[in-house]
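A.B. asks: everything below, folded, please.
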Amino acid sequence: MPEIADAGRTWVLSGPTSSYALHLTEAHELVHLHWGPRIALADAEALAALPWSERGASFESPLDGREEYPVEGGPRFVRPALSVRTDERRGTEWTFEAHERDGDELRLRFRDAGLAVTLHYRMRGDVVERWTTLRNEGEQPLELLRADSATWTLPERDDWRLSQLHGRWAAESRLARTPLGHGETVIGSRRGHTGHQHLPWVALDTDATEERGEVYGCALGWSGSWRIAVARLPDARVQITGGAGYDDSGLLRLTAGESFATPVFAGLWSDAGFGGASRAWHAYQRAHVVPDAEQDRPVLFNSWEATYFDISEEQQATLARRAAAIGVELFVVDDGWFGARTGDHAGLGDWQPNPDRFPNGLKPLADYVRALGMQFGIWVEPEMVNPDSDLYRAHPDWVQFQPGRKRTEFRNQLMLNLAREDVQEYLWERLDGLLSSAPIDYVKWDFNRCFTDAGWPDDPYPQRLWVDHVRALYGLLDRLRAAHPGVAFESCSGGGGRVDLGIMSRTDQVWTSDNTDPLDRLDIQHGFSQIHPARVMAAWVTDSPNTQLNGRVSSLRFRFVSAMAGVLGVGGDLAEWSEEELAEARRWVDCYKDIRTLVQQGDLYRLRPPAGGLSAVQYVLGDETVVLAWLQAQRFGEPVPALRLRGLDPTASYECRETGEIHRGAVLLHHGMRTGLRGDLDATVIRLRRI
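C.D. replies: Here you go, the predicted structure:
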């Protein structure tokens, strides 16, 4: 159970294995003391009593590298987490007012004239959640140029190494580990959404391995533009500052009585290597972030790659029968069911069923799907509009645009200004009506372009739309979930363009990537697993050759085992699958259902990374474990390498459910166990149970 130890000016938050400590000096300077192994309050007070270094005299600040939340102004040279401007002045000169404890939350209150600043701390397991609330309690407006959620301070170490997840469309979440150079490394998104280019997560270590060594990690819960700056300071300390917005041109203007709560910037220390850190992040998200995470996600079928825009009620019913026959539990009609949507050029914004394709609305198809024993789902993209739509013709001023400038189109669509209350109300009415019109169980919520002409000509502070768009998105999702508690939501943004702790707190799963090639997916899923759990990672089995991306040929076996590492879905054209393929698919779906709880709720061990030969992951839950292994290539007759399993009781015996062989706790699996791994692009599933 997390604890808060309090000595009036020194505070320690402790989880099962770690502690976070901070101290307020007599000069009202809030300084960082410790983040690492669990300590007592007396240890923190001893750290607070240590003298400060005066190295550098007037050329360095004794606060830099020590301060919990650096503000702009005063004797500071590091990147400020807070930058505030009024008509008279810029910067912050705050004083401490009080501290409060509310259950497992610690609040530290500061004031600078009319600006009230509250720093929030909360321990969830070994994850520290930090965020900041800013409130204008004066009479004059003030401008938040920058309001980061937190600054994290790491100890003095040599040879820091930085891990990040980078990529692009169809190549998201690829892991990179590089030495941390002097100065700053900045990642983020200036695109209005989380972005394909970086996930808002970093990890730092010096010599960690997959299962050993200290790892510090930070993850931001924000689904708009964001920035994380990792600074290696001259004294070998590291500070990580992050929050909403990419640059410092202005977030919000707060008038009298208005406030802004930053998103959570969560931090985790682990001494169990990258794998231990990942398992702690996964447990935190299942327990405190993802809605209804204790419920396993169903096997779904999505019609997109089978039909694209050319859909009809009869055709979808045919696919539904085939999907039900292979054991699918959720049938999803993708793009093309609404408005004049026969391609990507028209219809976005007109959220009514196309009368030619669905003459009686979606209810007859939904009822038919449910009669087959499946749930029913649909695809939407509410934040977008096509110029060729009834909505745009009626309200051309509802989009983001700069006056006198061309309105940039991507995918023949524009971005609705969701910060407008009339746009929010329109979307609420349309989506609430849609979810009330038919038994809809699932919504795939897509977002297929970035901000470009982010203007709002009629607003006195138009740049607020960058923040208020996201806040309105969250409010709309919260409102829909409250009104329709049985509906599950998936976050999609052309694949993995909106994956972060903020959107995950409002959706049940995320679309990991538009790339469904099973070999490419191993790298994408390996990176994704560094921070996010299998419980939210949607993965599809699609057709071979892979016509969407690379034309690669792969076996149905390899495609299924690759997708079974997350939330299994099927996206191929079942109407073209042979009876043999459908029968094999049914066996794999049954296999997945047998191991689903292990995969979605179990502890993940990455046994071998996808580096060109054998790769494997292991999930452990209670007395059972399952291994998914993929042979990417086998050369010169080399045998398949052995796999030593982890997370098992070394004194216990385990039975392999495929072969009946009995093994001790340090199980060593090898190619002689009739796994059948041979040649190129092969895969297997191995299950063991404690006896």
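
A.B. asks: which residues in the stretch 301-450 of the chain form helices?
C.D. replies: Using DSSP state H, counting those that start in this stretch, the helices of the stretch 301-450 of the chain run over residues 304-307, 313-325, 363-371, 390-394, 421-437.

A.B. asks: ok, residues contacting stretch 348-360?
C.D. replies: 311-313, 336-341, 347, 361-362, 364-365, 380-382, 384-386, 389-392, 413, 416, 430-431, 434 (C-beta atoms under 8 Å, 6 or more residues apart in numbering). Where C-beta positions appear, they are placed from N, C-alpha and C, glycine not excepted.

A.B. asks: filter these down to the buried ones, PyMOL style.
C.D. replies: Selecting only the buried entries of the contacts of stretch 348-360 in PyMOL, with 16 or more other C-beta atoms under 10 Å as the criterion:
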select buried, resi 311+312+313+336+337+338+339+341+347+361+362+365+380+381+382+384+385+386+389+390+391+392+413+416+430+431+434
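
A.B. asks: state the number of residues packed around the residue lying closest to Trp222 once chain neighbours are set aside.
C.D. replies: Leaving out its chain neighbours, the residue that sits closest to Trp222 by C-beta to C-beta, 6 or more residues apart in numbering is Pro263, at 4.0 Å. Look at Pro263: counted by other C-beta atoms under 10 Å, it has 28 neighbours.

A.B. asks: okay, now the unreliable bits of this protein?
C.D. replies: Within the chain, the segments meeting pLDDT under 70 span 1-2, 53-58, 670-676, 678-679.

A.B. asks: list the contacts for the closest residue to Asp459 other than its chain neighbours?
C.D. replies: Nearest non-adjacent residue to Asp459, counting by C-beta to C-beta, 6+ apart: Leu465, 7.5 Å away. Going by C-beta under 8 Å, 6+ apart, Leu465 touches Gln400, Asn417, Ala419, Ala454, Trp456, Asp459.

A.B. asks: output the residues you listed as TSV; include the columns neighbour count and distance to Thr597.
C.D. replies: Shown next, in TSV, are the contacts of Leu465 (neighbours: other C-beta atoms under 10 Å; distance: C-beta to C-beta, whole Å):
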residue	neighbour count	distance to Thr597
Gln400	24	43
Asn417	24	43
Ala419	21	41
Ala454	20	44
Trp456	21	47
Asp459	14	49
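
A.B. asks: tell me the one of the residues you listed nearest Leu668?
C.D. replies: Ala454 (56.1 Å; C-beta to C-beta).

A.B. asks: quick one: residues contacting the closest one.
C.D. replies: Counting by C-beta under 8 Å, 6+ apart, Ala454 makes contact with Gly192, Gln400, Met415, Gln463, Leu465, Trp466.

A.B. asks: and for the closest residue to the first one other than its chain neighbours, the neighbour number?
C.D. replies: I take that to be Gly192. Spatially, and ignoring its direct neighbours in sequence, Gly192 is nearest to Phe451 (3.0 Å; C-beta to C-beta, 6+ apart). Using other C-beta under 10 Å, Phe451 has 18 neighbouring residues.

A.B. asks: just Phe410 next, same as before
C.D. replies: Counted with other C-beta under 10 Å, Phe410 comes out at 13.

A.B. asks: with Gly217 instead?
C.D. replies: With other C-beta under 10 Å as criterion, Gly217 counts 25.

A.B. asks: so what does it have for phi and psi?
C.D. replies: phi -130, psi 150 (degrees, to the nearest 10).

A.B. asks: can you tell me the element the nearest residue to it once chain neighbours are set aside falls in?
C.D. replies: Closest residue in space to Gly217, ignoring its immediate chain neighbours: Ala203 at 4.1 Å, by C-beta to C-beta, 6+ apart. In the assignment (DSSP states H and E), Ala203 maps to strand 198-205.

A.B. asks: list the buried ones in the helix or strand encompassing Leu480?
C.D. replies: For Leu480, the host element (DSSP H and E) is helix 465-483. Neighbour counts over helix 465-483 (16+ other C-beta under 10 Å) mark 465-474, 476-477, 480-481 as buried.

A.B. asks: now the angle from it to helix 421-437?
C.D. replies: Computed by axes from the mean of the first three to the mean of the last three C-alpha atoms, to 10 degrees, the angle separating helix 465-483 from helix 421-437 equals 30 degrees.

A.B. asks: roughly how far is helix 465-483 from the heart of the chain?
C.D. replies: Distance of helix 465-483 from its chain centroid, counting by C-alpha atoms, centre = their mean, to the nearest Å, is 17 Å.

A.B. asks: helix or strand next in line after it, which one?
C.D. replies: Assigned by DSSP H and E, the successor of helix 465-483 is strand 488-491.

A.B. asks: now the element after that next one, going C-ward?
C.D. replies: helix 501-504.

A.B. asks: state the distance from the residue nearest to Gly192 to Arg190.
C.D. replies: From Phe451 across to Arg190, the span is 8 Å (C-beta to C-beta, to the nearest Å).

A.B. asks: where do the contact lists of the two overlap?
C.D. replies: Contacts common to Phe451 and Arg190, judged by C-beta under 8 Å, 6+ apart, are Ser225.

A.B. asks: give me the phi and psi for Val561.
C.D. replies: Dihedral angles for Val561 - degrees, to the nearest 10 - are phi -60, psi -30.

A.B. asks: check contacts around it.
C.D. replies: So, once contact is read as C-beta under 8 Å, 6+ apart, Val561 ends up touching Trp588, Leu628, Ala629, Trp630, Ala683, Thr684, Val685.

A.B. asks: for the most centrally placed residue in the chain, which non-adjacent residue is closest in space?
C.D. replies: For the chain, the residue sitting closest to the mean C-alpha position, by C-alpha atoms, centre = their mean, is Asp500 at 2.8 Å. Ranked by C-beta to C-beta, 6+ apart and with sequence neighbours excluded, the top spatial neighbour of Asp500 is Thr194, at 4.7 Å.

A.B. asks: rewinding a little: surely the residue nearest to Gly217 touches Gly273?
C.D. replies: No: contact criterion C-beta atoms under 8 Å: Ala203 and Gly273 do not qualify, at 10.7 Å.

A.B. asks: so between these two, which is more surrounded?
C.D. replies: Ala203 (25 against 18).

A.B. asks: quick revisit: helix/strand/coil for the residue nearest to Gly192?
C.D. replies: For Phe451, the secondary-structure state derived from DSSP: H, G, I helix; E, B strand; the rest coil is coil.

A.B. asks: ok, the residue nearest to Arg420 when sequence neighbours are not counted - how many residues close by?
C.D. replies: Closest residue to Arg420 apart from its sequence neighbours, by C-beta to C-beta, 6+ apart: Trp398 at 6.5 Å. Residues lying near Trp398 (other C-beta under 10 Å) number 20.

A.B. asks: so what does the biggest helix by length in the chain touch, helix or strand wise?
C.D. replies: The single longest helix within the chain, with elements called by DSSP state H, is helix 579-601. Applying 3 or more C-beta pairs under 8 Å, 6 or more residues apart in numbering; DSSP states H and E, we find helix 579-601 packed against helix 313-325, helix 556-563, strand 567-570, strand 614-621, strand 624-631, strand 682-690.

A.B. asks: the third one packs against which elements?
C.D. replies: When contacts are defined as 3+ C-beta pairs under 8 Å, 6+ apart, strand 567-570 packs onto strand 300-302, strand 537-541, helix 579-601.

A.B. asks: who does it pair up with?
C.D. replies: strand 300-302 (parallel), strand 537-541 (parallel) (DSSP bridges).

A.B. asks: distance to Leu372 added to the buried residues of helix 465-483, as a markdown table?
C.D. replies: A markdown table is the format used below for the buried residues of helix 465-483 (distance: C-beta to C-beta, whole Å):
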| residue | distance to Leu372 |
| --- | --- |
| Leu465 | 44 |
| Trp466 | 44 |
| Val467 | 44 |
| Asp468 | 42 |
| His469 | 39 |
| Val470 | 38 |
| Arg471 | 40 |
| Ala472 | 37 |
| Leu473 | 33 |
| Tyr474 | 35 |
| Leu476 | 31 |
| Leu477 | 29 |
| Leu480 | 26 |
| Arg481 | 26 |
